[in-house]
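Novice: Need coordinates for the below:
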Amino acid sequence: MAFLIDPPGPFAPRRQWEEFLVRLKSLPQDDPGVQAEIRNAEWTLAQTTHGEPNDVEGERQQVRQLIKQALETPTAENLADYLGFATRFRRLAVWNTRMVYIQRPGARVVASEYEWTRAGRYVLPDAVPIIILWPFSPIRFVYELADTGPPINREDVKDPFAVRGEFREGALSKLVTNLKTQKTFKIELELRRQGFSYAGSAALQIPLPLPVSTASPPDDARPIGEFVHENAEILDAQRPATVPAFRITMNDRLEPKERFVTLAHELGHIFCGHLGGCGWLRQPRS
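Specialist: Below is the predicted model of the structure:
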């Protein structure tokens with residue numbers, strides 16, 4: 001645009017956006033920049049309320065915007081983590097490094113398909129590309145090390161996620177099944193495409209209310225004691241009224257034995273109380 005008209009801020013009242021739209025419509029309409037700004041202003045007005053600038057709904061919208069901005073603002077720890085991540089991708093621009101960091105946590109090496117071919121590797125058929133900006137082109141696809149073949153033996157490269165020893169078949173599925181049947185806590189498992197240097201994570205979710213038992217008396221020949229034992233409520237004064245819920249994410253590129261160790265590691269964080277919400281589970285049994 002060959003002119004300067006500053007748009008209202010994100011928390012500006014509706015009246016300022018209406019005045020801004022009037023000023024835009026007084027400019028030459030054959031300018032693509034003017035048309036784009038008009039569409040943006042009309043869309044913004046459509047998202048706002050028609051009441052006064054200080055009405056209740058408008059204030060609630062501003063609060064929601066402030067909360068969203070606060071959640072998206074990185075903490076000091078996240079900033080330090082990103083700076084350490086960025087030092088591994090010095091050939092990428094700062095914004096492209098940030099795009100890789102957001103799309104693929106734990107990325108070790110990223111390159112285009114042509115560059116991987118020259119390095120003696122190939123992009124796997126189910127690879128998920130990472131989108132970055134590229135000069136004289138809107139975007140470019142690059143791929144992370146975990147999305148290339150042939151497979152890498154982590155022990156050969158002294159990777160911290162390498163696993164040694166014999167892994168019994170079915171151990172992982174049995175552990176996952178047991179976690180799903182627990183009633184005193186809830187753990188949701190999720191496989192994600194992560195970078196080569198990212199195994200998994202655990203996070204505390206919103207506590208869930210305790211399930212209400214809808215069991216009916218036994219209609220078979222089972223002893224009443226067995227039925228009561230299976231459906232009795234735990235009378236513990238220190239037990240919370242909600243079930244602590246957690247989410248564990250794991251890299252879907254890990255081998256079963258590596259995934260088992262990662263799951264055990266994240267469960268250790270949960271049951272040791274590092275995430276909170278599970279302190280009552282650490283009580284000694286009588």
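
Novice: I'd assumed T249 was in contact with R259.
Specialist: No. Applying C-beta atoms under 8 Å, one finds R259 not in contact with T249, separated by 11.3 Å. Quick note: C-beta positions are derived from backbone N, CA and C, even for glycine.

Novice: between the two, who's got more neighbours?
Specialist: Using other C-beta atoms under 10 Å as the criterion, R259 and T249 rank with R259 on top: 23 against 20.

Novice: Now that one. Nearest residue, chain neighbours left out?
Specialist: Using C-beta to C-beta, 6 or more residues apart in numbering and skipping the chain neighbours, the partner closest in space to R259 is M250 (5.5 Å).

Novice: Is F196 in a helix, a strand, or coil?
Specialist: Here F196 is recorded as coil under DSSP: H, G, I helix; E, B strand; the rest coil.

Novice: now do A162
Specialist: A162 ends up coil, using three-state DSSP.

Novice: pLDDT at it, what is it?
Specialist: Listed pLDDT for A162 reads 75.

Novice: Pretty sure it sits against R154.
Specialist: Yes. With contact defined as C-beta under 8 Å, A162 counts as touching R154 (3.8 Å).

Novice: Name the residues contacting each of these two.
Specialist: E258 (C-beta atoms under 8 Å, 6 or more residues apart in numbering).

Novice: Am I right that the residue nearest to R259 falls within a strand?
Specialist: Yes. Looking at M250 with three-state DSSP, it is inside a strand.

Novice: ok, it - contacts?
Specialist: Applying C-beta under 8 Å, 6+ apart, the residues near M250 are L189, E190, L191, R192, A199, G200, R259, T262, L263, E266.

Novice: go again using 6 Å as the cut-off
Specialist: Taking C-beta atoms under 6 Å, 6 or more residues apart in numbering as the criterion, M250 is in contact with L191, G200, R259, T262.

Novice: strand partners of whichever strand or helix holds the first one, parallel vs antiparallel please.
Specialist: Under the assignment given by DSSP states H and E, the secondary-structure element containing L191 is strand 186-192. Each strand that pairs with strand 186-192, with its direction, by DSSP bridges: strand 245-251 (parallel).

Novice: Sweet, I'm off.
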